[in-house]
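K.L.:
Requesting a structural model of the entry that follows:
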Amino acid sequence: MKISIICGSHRVKSQSNKVSKKLEKKLLAEGCCDEVYLLDLAENPLPLWEEKIWDGDLEWSQRLTPISAQLAESDAFIIVCPEWHGMAPAGLKNFFLMWGKGELAHKPALIVAISSADGGSFPLAELRMSSYKNNRICYLPEHLIIRQVEYVFNPDPADNNEAAHSYFDNRASYCLTLLQQYAMAFRTIRASGAGDLSLYKSGM
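P.N.:
Residues are numbered from 1 along each chain as shown. Below is the predicted model of the structure:
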């Protein structure tokens, strides 16, 4: 099984990257999957979507094809999304515009929202409302909101609030195990052919 993590922050050395790498280690250590692909939008930014993508433009093809292959091979996704001004970052919303060939379709995804304070719910709601229509990604009813993120998941235990760190670590394990089970179940849905994208390319 392969799970892809999309780190939705544009910032280099972001808290979202820290959390993404922690989840990558947990997935492998806890046997939730065999392989993890981590796409950090700060290290691999995507230009704004444009219609040339539909026309088979060579530059876009060279940029997107390697990522598309990784996503297509994935059984499930983790979307790590920081809260910026009460919103999901523009680069992450732009990411969802790129994949119209079924790379994300009918595959489960866990949203992990990031907040430096006690927020995180607004971008979570935004992703659930508007990021899935044409790519057909399927968000779990369960999610994580990592609040006070500077005080958890740090490599040095002295930098962590132990009570908060323990809670989020255990909650993450619960969510990752659930994602693994959804990923196995959704293979049956895709194999059935019921979600044939050639019939209706765009969602309603």
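K.L.:
Look at the residue nearest the centre of the chain and report its pLDDT.
P.N.:
The C-alpha lying nearest the average C-alpha coordinate of the chain belongs to residue 79 (C-alpha atoms, centre = their mean; 1.9 Å). pLDDT, residue 79: 98.
K.L.:
check contacts around residue 80.
P.N.:
Residues near residue 80 by C-beta atoms under 8 Å, 6 or more residues apart in numbering: 5, 6, 7, 8, 9, 16, 19, 20, 23, 112, 114. Heads up, the C-betas are built off the backbone N, CA and C, glycines and all.
K.L.:
what about residue 138, how many neighbours?
P.N.:
Residue 138 sits with 17 neighbouring residues when counted by other C-beta atoms under 10 Å.
K.L.:
what about the closest residue to it other than its chain neighbours, neighbour count?
P.N.:
Closest residue to residue 138 apart from its sequence neighbours, by C-beta to C-beta, 6 or more residues apart in numbering: residue 108 at 5.3 Å. Using other C-beta under 10 Å, the number of residues around residue 108 comes to 23.
K.L.:
isn't residue 108 right up against residue 74?
P.N.:
No: taking C-beta atoms under 8 Å as the definition, residue 108 is not a contact partner of residue 74, at 10.4 Å.
K.L.:
is it true that residue 73 touches residue 2?
P.N.:
Yes: under the criterion of C-beta under 8 Å, residue 73 is in contact with residue 2, at a separation of 5.5 Å.
K.L.:
Looking at these two, which has the bigger crowd around it?
P.N.:
Counting neighbours by other C-beta under 10 Å for residue 73 and for residue 2 shows that residue 2 has the greater number, 15 against 12.
K.L.:
tell me the phi and psi of the residue nearest to the more buried one when sequence neighbours are not counted?
P.N.:
Take residue 2 and drop its neighbours on the chain: the residue closest to it by C-beta to C-beta, 6+ apart is residue 35, 4.4 Å away. In terms of degrees, to the nearest 10, the main-chain angles of residue 35 are phi -150, psi 140.
K.L.:
between residue 73 and residue 2, what contacts are shared?
P.N.:
Taking C-beta under 8 Å, 6+ apart as the contact rule, the neighbours common to residue 73 and residue 2 are residue 37.
K.L.:
most remote residue from this protein's center?
P.N.:
Outermost residue of the chain with respect to the C-alpha centroid, by C-alpha atoms, centre = their mean, is residue 158; its distance is 28.7 Å.
K.L.:
Please list all residues in contact with that one.
P.N.:
Applying C-beta under 8 Å, 6+ apart as the definition, residue 158 turns out to have no contact partners.
K.L.:
Looking at it now. What's its pLDDT?
P.N.:
The predicted local distance difference test score for residue 158 is 95.
K.L.:
and what of residue 56?
P.N.:
Per-residue confidence (pLDDT) for residue 56: 83.
K.L.:
Mind jotting down where the helices sit in the chain?
P.N.:
Secondary structure of the chain (DSSP state H): helices located at 15-29, 58-73, 90-97, 121-130, 162-192.
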